[in-house]
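Student: need a 3D model of the following:
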Amino acid sequence: MEYIYAALLLHNAGKAISEEAIAAVLQAAGVEVNEARAKALVAALDGVNIEEAIAKAAFAAPAAAAAPAAAEAPAAAEAAVEEEEEDDTSEEDGMAGLGALFG
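Tutor: Numbers count the residues shown, from 1 in each chain. Presented below is the predicted three-dimensional model:
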């Protein structure tokens, strides 16, 4: 992940994203540099519009976070209904027990 952060830092600073620049950022942060990973990242970012990728990621993140929340809401409602039903049955069981006391 630190390789991505280094690339984003370089991009934000208006610097070219190169293997040497990524290695320099990582070394400045005290991270041991894997030259192959730096080279793979630079190759992967070749031709990528980073601003556009960031905008898409920022747009997709809230949608992705909202989807599980939306899915959990019906489950929480079902759990509440089941709990109410359990309360009703336990109350009915208790009343039946009282009825048995009086014949």
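
Student: from what I see, residue 39 and residue 17 are in contact.
Tutor: No: counting by Cβ atoms under 8 Å, residue 17 is not a contact partner of residue 39; they are 11.8 Å apart. From N, CA and C alone the C-beta is placed, and that goes for glycine too.

Student: list phi and psi for the residue lying closest to residue 41 once chain neighbours are set aside.
Tutor: Leaving aside its sequence neighbours, residue 41 sits nearest to residue 3 (Cβ to Cβ, 6 or more residues apart in numbering; 4.9 Å). Note on residue 3: backbone dihedrals following degrees, to the nearest 10 are phi -70, psi -40.

Student: can we start the residue count at 25 from this point?
Tutor: In the new count, where the first residue is 25, that last one comes out as residue 27.

Student: now residue 27: how far from residue 83?
Tutor: 23 Å (Cβ to Cβ, to the nearest Å).

Student: if you count surrounding residues, which of the two has more?
Tutor: In this view residue 27 and residue 83 are compared by other Cβ atoms under 10 Å, and residue 27 has more residues nearby, 20 against 10.

Student: mind listing what that one touches?
Tutor: Residue 27 makes contact with 46, 50, 61, 62, 65, according to Cβ atoms under 8 Å, 6 or more residues apart in numbering.

Student: how about the helices in the protein?
Tutor: 26-36, 43-52, 59-69, 74-125 (DSSP state H).

Student: weakest of these by average pLDDT?
Tutor: Least confident of these, judged by mean pLDDT, is helix 74-125 with a mean of 65.

Student: what about residue 62, how many neighbours?
Tutor: Counted with other Cβ under 10 Å, the neighbours of residue 62 add up to 22.

Student: now the one 3 residues further on
Tutor: Residue neighbour count, defined by other Cβ under 10 Å, stands at 17 for residue 65.

Student: hmm, residue 46 and it touching each other?
Tutor: Yes: at 6.5 Å, residue 65 counts as touching residue 46 under the criterion of Cβ under 8 Å.

Student: find residues that contact each of those two.
Tutor: Applying Cβ under 8 Å, 6+ apart, one finds that residue 65 and residue 46 are jointly contacted by 27, 31.
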